[in-house]
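J.: A predicted structure for the sequence below; I have some questions about it.
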Amino acid sequence: MARPAGPDAAPPVGSGPLAARRRRRLVGLAALLLVLLAACLASVAVGARAVPPAAVWHALVAPTGTVDDLTVRALRLPRTALGLAAGAALGVAGALMQGHTRNPLADPGLLGVTAGAAFAVVLAVSALGVTNLSGYVWFGFAGALLASVGVFLLGSGARGGATPVTLALAGAAVTALLHALTTAVVLLDARSLDAYRFWQIGSLIGRDPGVAGRVAPFLAAGLLLAAANAPGLNALALGEDVARALGQRIGLVRLLGVLAVTVLTGASVAACGPLAFVGLVVPHAARAICGADYRWVLPYSALLGAVLLLVADVLGRVVARPGELEVGIMLALVGAPFLVMLVRRRRLARL
């Protein structure tokens, strides 16, 4: 016969505040997955041509070549996949940037990624005559990568190596230089100006159906790097001295984080153009829901980023029917008030 548990008996496995918090976080992830599924369905069904749910199911399961089938499979599914990938990438990149720089207003473009991609796109149009979006993707990604490498090298040249302050200053300097060069090229070449205006606004419209597949390997690699960076980022949040005492190599942790931000942001910016507010707002919302543990902040940021981008894209199709507003414009309209609300709640701005 079992003896009754005394006052010093260990609590049963799976009980206690830590287990309860973990269950709440898992429930939150499950709820976000359901919201993301609803956003994906809305992205496939809503547009200038409304597609009934039964027709969406028919197009996904047993297409027969009808207009609705072509609309769903050839246009909206690739667009939804690109929105999913770009939103998740920018959300995770924003969380990494804010964690590494300890700056609540940091976004993925702080390392010069967006400016590098923009300059490479303009240069490709002006000097090489690249006119299709499939060509922009590779030049944009290469420009983002080179700009981030330059920022990291500049930020690492100081006596203390790469620190949040030196990286932010180097990023600001490189961004200003590349923006000036981009403006100079655009003013001298009308064709570059037209391409730059179309790319700069940020959009999921008009992208080649294969763009998402081209950037998918880079996005997958970036997400893996981000997951590997989460434990080190948690240690850095306690201070560099504590992180070293816990066995973390500070330089390697920062290098891994910069590499993850570069790959994630470079791929998404090259494919969709610069999309503001996703990497800035989403990490704050993720930390408000799940706390400061980056092992949870990163997956929450990925899901919230994808939801935000898809919802903004769907709203852009609704508010200007039968036309559309670009998702970059809708993100500004949706994200700016949300950011103001977050800033007013001061505890969410502290990292």
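T.: Arrived safely.
J.: give the contact list for the nearest residue to residue 148 once chain neighbours are set aside.
T.: Take residue 148 and drop its neighbours on the chain: the residue closest to it by C-beta to C-beta, 6 or more residues apart in numbering is residue 262, 3.8 Å away. To be clear about C-beta, it is placed using only N, CA and C from the backbone, and glycine gets the same treatment. Shown in contact with residue 262 (C-beta atoms under 8 Å, 6 or more residues apart in numbering): 111, 113, 144, 145, 148, 149.
J.: grab the most central residue of the protein for me.
T.: residue 90 (0.7 Å; C-alpha atoms, centre = their mean).
J.: can you name every helix or strand that the helix or strand hosting that one contacts?
T.: Per DSSP states H and E: residue 90 is located in helix 77-101. Applying 3 or more C-beta pairs under 8 Å, 6 or more residues apart in numbering; DSSP states H and E, one finds that helix 77-101 contacts helix 17-45, helix 164-188, helix 211-236, helix 250-272, helix 278-290, helix 294-319.
J.: try 10 Å this time
T.: Using 3 or more C-beta pairs under 10 Å, 6 or more residues apart in numbering; DSSP states H and E, the elements in contact with helix 77-101 are helix 17-45, helix 53-61, helix 164-188, helix 211-236, helix 250-272, helix 278-290, helix 294-319, helix 327-344.
J.: one step back: any idea how far the residue nearest to the centre of the chain is from residue 242?
T.: 30 Å (C-beta to C-beta, to the nearest Å).
J.: please apply the same query to residue 127.
T.: 49 Å.
J.: what residue ranges in the stretch 51-200 of the chain are flagged as low confidence?
T.: Counting by pLDDT under 70, the stretch 51-200 of the chain shows low-confidence ranges at 131-134, 158-162.
J.: what comes up buried for stretch 97-106?
T.: Buried residues in stretch 97-106, defined by neighbour count with 16 or more other C-beta atoms under 10 Å: 97, 98, 99, 100, 101, 103, 104, 106.
J.: follow-up on the earlier one: so which of the contacts of residue 262 are in helices?
T.: If you go by DSSP state H, the contacts of residue 262 have 113, 144, 145, 148, 149 in helices.
J.: and which of these is nearest residue 78?
T.: Taking C-beta to C-beta as the measure, residue 78 lies nearest residue 144 of these, at 22.0 Å.
J.: so what's the nearest residue to residue 123 once chain neighbours are set aside up against?
T.: Distances taken as C-beta to C-beta, 6+ apart put residue 185 closest to residue 123, at 6.4 Å, once the chain neighbours are dropped. If a contact means C-beta atoms under 10 Å, 6 or more residues apart in numbering, then residue 185 has 119, 122, 123, 125, 126, 127, 192, 193, 196 as its contacts.
J.: ditto for residue 226
T.: 89, 92-93, 95-96, 233, 256-257, 259-261, 263-264, 294, 298-299, 301-302.
J.: residue 192 now?
T.: 121, 122, 123, 124, 125, 126, 127, 182, 185, 186.
J.: can you give me the neighbour number for the fifth one?
T.: This means residue 125. Neighbourhood size, residue 125 [other C-beta atoms under 10 Å]: 24.
J.: wait, it sits on residue 197?
T.: No - the pair residue 125 / residue 197 is not scored as a contact, 11.3 Å apart, by C-beta atoms under 10 Å.
J.: which residues does the closest residue to residue 164 other than its chain neighbours contact?
T.: Excluding the flanking residues, the one nearest residue 164 by C-beta to C-beta, 6+ apart is residue 101, at 4.2 Å. Shown in contact with residue 101 (C-beta under 10 Å, 6+ apart): 107, 110, 111, 163, 164, 165, 167, 168, 171, 257, 351.
J.: quick revisit: please report how far the residue nearest to residue 123 lies from residue 58.
T.: 48 Å.
J.: report the buried residues of the host helix or strand of residue 127.
T.: Element membership for residue 127, per DSSP H and E: helix 113-128. Under the neighbour-count criterion of 16+ other C-beta under 10 Å, helix 113-128 has 113-126 buried.
J.: and the furthest pair within those residues?
T.: Using C-beta to C-beta, the pair of those lying farthest apart is 113 and 126, separated by 20.7 Å.
J.: report the contact partners of the residue lying closest to the residue nearest to the centre of the chain once chain neighbours are set aside.
T.: In space, and not counting its chain neighbours, residue 90 is closest to residue 278: 4.1 Å by C-beta to C-beta, 6+ apart. Taking C-beta under 10 Å, 6+ apart as the criterion, residue 278 is in contact with 86-91, 93-94, 107-108, 202, 268, 301, 304-306, 308-309, 312, 327, 331, 335.
J.: cutoff 6 Å now
T.: 90, 305, 308 (C-beta atoms under 6 Å, 6 or more residues apart in numbering).
J.: ok, the residue nearest to residue 77 when sequence neighbours are not counted - how many residues close by?
T.: Spatially, and ignoring its direct neighbours in sequence, residue 77 is nearest to residue 44 (6.5 Å; C-beta to C-beta, 6+ apart). Other residues within reach of residue 44, judged by other C-beta under 10 Å, total 23.
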